[in-house]
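Asker: the amino acid sequence is not available; the structure is as follows:
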């Protein structure tokens with residue numbers, strides 16, 4: 001290499017004229033070579049030089065194309081295909097920053113370090129390569145070029161709002177085709193450009209765009225490698241791609257390379273995102289707009305000095321490392337993987353006799369895997385080709401003709417044609433290798449002809465699929481203000497030119513995806529022209545519609561009949577949610593505002609109706625002090641609140657405060673404080689929606705089916721769900737809180753210290769079997785001891801005697817009946833009735849031979865109070881205090897009952913008959929008006945006055961003060 005050779009590095013962003021400068025400099029020399037990153041770009045540069053110097057002196061050499069005239073002066077090549085050992089006065093390498101590419105970088109690094117022109121060498125690329133070039137090529141002279149036009153970020157845009165002359169970038173074939181299909185439906189058509197296309201197909205597609213037949217281009221990142229197109233806006237549909245090994249995010253300088261295609265020469269360009277791509281960060285936007293990126297710190301490198309002594313030595317030389325801090329050994333690419341695979345094959349190893357065979361094997365392994373089927377399939381093909389070249393010196397003509405004939409078919413869809421094009425590229429590559437076929441000229445022309453036919457067929461298929469000629473005509477009619485006839489019938493069906501195109505659902509137009517897909521965007525525009533008066537008429541009807549036609553869903557949707565017209569959104573107050581109407585932008589702001597006001601009126605009235613007791617409680621100005629504060633707590637919790645969460649506040653309420661709250665239907669239950677009217681299905685359904693909105697839940701929990709006494713206790717539900725649904729979790733199921741309070745009335749009458757058994761009334765209230773009831777009691781803090789005993793037979797005389805016990809009063813009606821989810825034949829009550837009838841009719845049939853009756857056994861449980869230790873618990877479960885007593889119970893065995901007086905054994909097991917709390921019989925005071933029962937003698941029915949407890953001296957007996965039931969029993973004895 002002459003010492004006077006000049007080396008320069010021309011660095012700058014896109015649209016700075018670097019490639020144009022290199023072409024002009026090369027044509028200023030007698031001979032020249034330029035290496036380019038893509039064969040598409042190589043073909044473009046080749047055509048430009050041929051236009052200036054003629055085809056007789058310009059050569060084009062790529063992996064699959066080779067045009068070399070006899071008097072060649074200028075070589076246009078892909079970087080990988082640059083002829084080795086060829087010298088020229090001028091040499092240029094474009095996109096030199098690809099030295100850092102994980103897959104191809106080692107080729108560019110090798111050219112950077114070893115390729116030189118006799119007179120002038122020029123490296124073209126990004127500023128990110130300046131430090132690396134300065135260190136690896138010390139003699140390089142740097143020059144910077146500024147972008148001719150500005151580049152600015154416009155944020156995210158939908159495909160439907162993409163401006164004309166835009167390019168949408170994707171990073172997979174499926175993604176590109178999906179976007180192209182969408183643009184065809186919405187914009188009338190687009191051109192498709194991908195690196196995998198043949199130059200002929202690509203040029204035809206680019207011409208479609210450049211000529212103005214379509215205004216949109218869908219491309220891969222191939223457009224970032226110097227392709228000169230008239231693009232005003234670049235939109236990224238994704239910011240990650242598969243690099244051959246894994247999915248990875250694009251580096252900022254890679255994004256800048258693609259975004260820089262927007263704006264040509266002095267025309268400004270814009271870039272942004274679309275589809276599912278996330279908006280760019282501010283720092284990334286600044287870097288892309290100002291073309292400032294972090295310098296490249298490592299270049300991919302592969303040892304250029306290969307040892308062809310044996311396959312093992314060749315592999316070792318390929319895997320050799322380097323001590324240069326700028327270089328990093330390239331990963332194993334397809335050629336190295338193929339070499340290792342073929343070296344392990346017996347039929348290949350048997351043919352290796354010396355270095356020439358190893359060199360041939362390496363040349364075969366460097367055939368790119370154009371087909372991309374699998375490594376095994378590719379290795380099988382390479383083994384076959386190596387066998388041909390080793391044994392006969394060339395690939396047999398008849399075998400090659402058979403392979404090409406199988407591909408030479410132009411029928412089929414885009415995928416089939418693309419696959420055949422990828423296959424022909426393999427045979428085109430083989431035909432371009434010197435000495436690999438017997439008649440190089442014939443096979444180069446044959447493979448080129450097949451590729452051209454397939455390319456033309458693929459271009460036709462792409463155009464047919466992604467360009468709709470009729471839509472283009474309709475678009476021009478709209479631009480020329482020609483009227484398209486559209487109408488809307490009474491069912492909301494919309495037709496354009498007599499063809500059904502969709503329907504109006506509420507205030508949103510839903511286009512039919514199958515009626516006229518080729519004209520989607522145009523017909524949508526025409527449909528909206530017809531819908532403008534319909535929107536106004538429909539908004540008037542909706543505004544005057546009665547509330548009975550509107551409803552809300554359990555996910556917060558707002559419905560008008562069967563049409564969704566809006567959704568609820570979080571408001572400043574849980575009882576005052578906002579609304580968001582579903583109205584198309586084309587309907588106008590007046591229509592949207594009218595729909596919003598009507599929806600707001602509806603939900604405000606619905607809340608006021610279903611939560612009337614709660615609204616009245618919140619607006620009652622007579623409530624003061626603690627009562628008012630407790631009322632606010634209840635309003636915040638939408639009318640249902642666990643008692644243990646407000647135990648301290650409840651204790652502080654005096655009898656007058658409780659009386660004021662009871663007037664609003666507030667019930668102070670043992671486990672829950674609630675307003676009975678709010679447990680009905682409709683308020684419960686709305687309460688869950690309002691609670692979900694207030695807590696910003698993405699998915700709203702649905703209310704349980706109405707009428708069920710118990711439901712499953714699922715662990716993974718949002719906290720507070722069961723309470724707001726009107727249920728209390730206990731064990732594996734959750735019981736309705738009003739039924740739980742009725743059960744609590746029955747439990748208070750039992751001696752929990754000595755133990756008690758479940759009564760039929762308890763099982764009837766819960767609708768459970770005995771085993772299920774035991775699990776429920778365990779969840780409430782009771783211990784159940786399971787045992788068996790001989791079943792008692794009923795006394796026939798006693799059964800026939802009339803009962804003097806009055807029939808129990810029927811419980812108060814709730815929102816819906818409380819069905820027993822246990823099958824009737826499995827119900828313990830049904831079993832006891834059936835057994836009693838069987839026993840009454842039986843005589844000595846059950847006796848054995850000795851005359852003794854065989855005992856019939858029954859299972860029973862004895863329940864005792866067994867609070868769990870204080871500690872973490874699930875929602876609704878019981879938690880004792882430090883003394884092991886029920887929550888809310890004092891250490892001295894006393895608790896504060898509902899009326900505010902101190903009670904023995906209070907806390908989580910309130911005394912019987914808390915007045916005014918429950919509508920059931922057990923809620924009424926026992927023996928109202930009788931002496932010793934809390935009322936004045938003779939004051940019959942005076943239930944609103946506080947009970948008067950008489951102080952009695954304690955009897956001298958030992959009572960465990962920490963056992964509430966022992967204290968309660970002692971008090972009863974004293975009475």
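Answerer: Cool, the structure landed. Only a predicted model underlies this, so the values are computations on that prediction, with no experimental measurement involved. Residues are numbered from 1 along each chain as shown.
Asker: leaving out the residues flanking it, which one is nearest to residue 746?
Answerer: Taking Cβ to Cβ, 6 or more residues apart in numbering as the measure, residue 746 lies nearest to residue 762, with 5.5 Å between them; neighbours along the chain are not counted. Quick note: C-beta positions are derived from backbone N, CA and C, even for glycine.
Asker: tell me how far that neighbour lies from residue 707.
Answerer: Between residue 762 and residue 707 the distance, using Cβ to Cβ, to the nearest Å, works out to 20 Å.
Asker: same question, residue 541
Answerer: In this view, residue 541 and residue 707 are 36 Å apart by Cβ to Cβ.
Asker: which one's more surrounded, those two?
Answerer: The neighbour comparison of residue 541 against residue 707 (other Cβ atoms under 10 Å) goes to residue 707, with 14 against 10.
Asker: give me the secondary structure label for the more buried one.
Answerer: In three-state terms, and counting by DSSP: H, G, I helix; E, B strand; the rest coil, residue 707 is coil.
Asker: and the helices in the stretch 401-550 of the chain?
Answerer: Counting by DSSP state H, counting those that start in this stretch, the stretch 401-550 of the chain forms helices over residues 414-432, 440-466, 469-479, 520-543, given from the N-terminal end onward.
Asker: and the angle for the strand ranked longest in the chain with helix 520-543?
Answerer: In the chain, with assignment by DSSP state E, the single longest strand is strand 563-573. On the basis of axes from the mean of the first three to the mean of the last three Cα atoms, to 10 degrees, strand 563-573 is oriented at 60 degrees to helix 520-543.
Asker: tell me which residues touch residue 643, please.
Answerer: Taking Cβ atoms under 8 Å, 6 or more residues apart in numbering, we find residue 643 in contact with 650, 668-673, 888.
Asker: tally of neighbours for residue 344?
Answerer: By the measure other Cβ under 10 Å, the count of residues near residue 344 is 11.
Asker: still on that earlier bit, rank the helices of the stretch 401-550 of the chain by pLDDT, which is bottom?
Answerer: Lowest mean pLDDT within these: helix 469-479, at a mean of 54.
Asker: any regions of the stretch 201-350 of the chain where pLDDT drops low?
Answerer: By pLDDT under 70, the weakly predicted segments of the stretch 201-350 of the chain are 226-227, 244.
Asker: how about a cut-off of 80?
Answerer: Residues of the stretch 201-350 of the chain meeting the criterion pLDDT under 80: 222, 224-228, 243-246, 264-266, 346.
Asker: helices - which of the contacts of residue 643 land there?
Answerer: Residues of the contacts of residue 643 located in helices (DSSP state H): residue 650.
Asker: let me know the closest of the contacts of residue 643 to residue 728.
Answerer: Relative to residue 728, the closest of the contacts of residue 643 is residue 671; by Cβ to Cβ it sits at 5.4 Å.
Asker: surely that closest one and residue 743 touch.
Answerer: No - using Cβ atoms under 8 Å, residue 671 is not in contact with residue 743, being 9.8 Å away.
Asker: quick check: residue 450 vs residue 708, distance?
Answerer: With the distance defined as Cβ to Cβ, residue 450 ends up 72 Å from residue 708.
Asker: higher neighbour count, the two?
Answerer: In this view residue 450 and residue 708 are compared by other Cβ under 10 Å, and residue 450 has more residues nearby, 22 against 16.
Asker: right, and that one touches residue 408 too?
Answerer: Yes - counting by Cβ under 8 Å, residue 450 sits close enough to residue 408 to count as a contact (4.8 Å).
Asker: which intervals of the stretch 751-900 of the chain have sub-threshold pLDDT?
Answerer: In the predicted model, the stretch 751-900 of the chain carries pLDDT under 80 at residues 751-752, 792-855, 867-900.
Asker: give me the mean pLDDT for stretch 491-503.
Answerer: Model confidence over stretch 491-503 averages 75 on the pLDDT scale.
Asker: please read the previous query as pertaining to stretch 391-402.
Answerer: Per-residue pLDDT values across stretch 391-402 average out to 92.
Asker: how about residues contacting it?
Answerer: Residues lying outside stretch 391-402 but in contact with it, judged by Cβ under 8 Å, 6+ apart, are 351, 385, 388-389, 427, 430, 435-439, 443.
Asker: hmm, try it at 10 Å
Answerer: Contacts with stretch 391-402, where a contact means Cβ atoms under 10 Å, 6 or more residues apart in numbering, come from 351, 360, 384-385, 387-389, 403, 408, 427, 430-431, 433, 435-440, 442-443, 446-447.
Asker: now intersect the contacts of residue 643 with the strands, please.
Answerer: Using DSSP E, the subset of the contacts of residue 643 located in strands is 668, 672-673.
Asker: out of the residues you listed, who's nearest residue 505?
Answerer: For residue 505, the nearest member of those is residue 672. The distance, counting by Cβ to Cβ, is 41.9 Å.
Asker: spatially nearest residue to that closest one, not counting backbone neighbours?
Answerer: Counting by Cβ to Cβ, 6+ apart, residue 672 lies nearest to residue 737, which is 4.5 Å off, once chain neighbours are set aside.
Asker: again with residue 780
Answerer: Here the residue nearest residue 780, using Cβ to Cβ, 6+ apart, is residue 730, at 5.1 Å.
Asker: next: residue 262.
Answerer: In space, residue 262 is closest to residue 269, 2.9 Å off (Cβ to Cβ, 6+ apart).
Asker: how far away is that neighbour from residue 160?
Answerer: The separation that residue 269 has from residue 160, given Cβ to Cβ, amounts to 21 Å.
Asker: the two - which one has more neighbours?
Answerer: Relative neighbour count places residue 269 above the other of residue 269 and residue 160, with 22 against 14, counting by other Cβ under 10 Å.
Asker: give me the phi and psi angles of the more buried one.
Answerer: The main-chain torsion angles of residue 269 are listed as degrees, to the nearest 10 and equal phi -130, psi 160.
Asker: that one contacts residue 258, doesn't it?
Answerer: No - judged on Cβ atoms under 10 Å, residue 269 makes no contact with residue 258 at a distance of 11.5 Å.
Asker: any common contacting residues for those two?
Answerer: Shared contacts of residue 269 and residue 258, counting by Cβ under 10 Å, 6+ apart, come down to 14, 234.
Asker: out of the ones in strands among the contacts of residue 643, flag the one nearest to residue 192.
Answerer: Set against residue 192, the nearest of these by Cβ to Cβ is residue 672 (64.6 Å).
Asker: just list whatever residues bridge to that closest one.
Answerer: Beta bridges link residue 672 to residue 642 when assigned by DSSP bridges.
Asker: and it, how many neighbours?
Answerer: Summarising burial for residue 672: neighbours were counted as other Cβ under 10 Å, giving 23.
Asker: dump the residue contacts of it.
Answerer: With contacts defined as Cβ under 10 Å, 6+ apart, the neighbours of residue 672 are 640-645, 679, 723, 726-728, 737-738, 740-741, 876.
Asker: out of the residues you listed, who's nearest residue 592?
Answerer: Checking these one by one against residue 592 (Cβ to Cβ), the nearest turns out to be residue 640, at 35.8 Å.
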